[in-house]
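Engineer: Kindly return the folded structure for what I paste below:
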Amino acid sequence: MTSKSNKIRMAKAAIRKTGKKKPNAIDTERVKFVDYKDINLLQRFMSDRSKIRGQRIAGTTVQQQRDIANAVKNAREMALLPYAKRVSSTRAPRPGSDREDREDRGDRGDRGERGDKYAPRESAVDAAATENTDVVEIETNGEEA
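Structural biologist: Numbers count the residues shown, from 1 in each chain. Coordinates of the predicted model:
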């Protein structure tokens with residue numbers, strides 16, 4: 001004898017199983033052989049980021065899914081399909097980040113220019129010599145050196 005909760009669980013499972021079957025592009029087009037050169041067919045089984053869609057999402061059988069996966073892998077190897085695509089999405093600007101504020105501050109903002117940490121440093125003598133830039137005229141008695 002089954003319990004009441006078990007009957008309810010079985011009824012819910014029966015409802016889920018009777019869902020609508022996904023349309024299969026291979027069966028509807030009557031494709032006999034999945035070829036790696038048929039890019040239009042293979043792209044139907046790939047996501048926008050070039051991932052192979054799962055069997056449940058694509059609505060294929062196990063054998064068809066295996067054939068599609070092998071054909072996609074061969075097409076990628078032959079450079080007919082990309083391994084991955086970059087998807088650019090436009091994001092809303094973050095609050096508090098206005099473009100006008102950044103342009104007013106300049107390239108480095110309030111921090112100033114960054115020094116090169118690999119450049120040779122001046123010694124203390126060189127720094128002192130460059131600071132004393134007073135020009136001293138030497139008087140000569142009309143003789144040229």
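
Engineer: ok, residues contacting stretch 48-63?
Structural biologist: With contact meaning CB atoms under 8 Å, 6 or more residues apart in numbering, stretch 48-63 is reached by 21-26, 44-47, 65, 68-69, 72, 81-85, 87. Where you see a C-beta, it was placed from the backbone N, CA and C, and this is true even at glycine.

Engineer: Quick one: the helices in this structure, in order.
Structural biologist: Assigned by DSSP state H, the chain shows helices spanning 4-17, 25-28, 39-44, 55-58, 62-77, 99-105, 124-131.

Engineer: which stretch in these is the model least sure about?
Structural biologist: Of all these, the minimum mean pLDDT falls on helix 99-105 (a mean of 55).

Engineer: quick one on the thing from earlier: please check the contacts of stretch 48-63 and keep the buried ones.
Structural biologist: Buried members of the contacts of stretch 48-63, counted by 16 or more other CB atoms under 10 Å: A25, I26, F45, M46, Q65, I68, A69, V72, L81.

Engineer: can those go into TSV with extra columns for distance to P93?
Structural biologist: What follows is these, written out as TSV (distance: CB to CB, whole Å):
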residue	distance to P93
A25	40
I26	45
F45	37
M46	32
Q65	42
I68	41
A69	41
V72	38
L81	35
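
Engineer: Just give me the closest of those to R91.
Structural biologist: M46 (25.0 Å; CB to CB).

Engineer: And the closest residue in space to the closest one that isn't next to it in sequence, what's its pLDDT?
Structural biologist: Excluding its sequence neighbours, the residue lying closest to M46 (CB to CB, 6 or more residues apart in numbering) is I52, at 6.0 Å. Listed pLDDT for I52 reads 94.

Engineer: And L42, how far from V31?
Structural biologist: L42 is 11 Å from V31, where distance means CB to CB, to the nearest Å.
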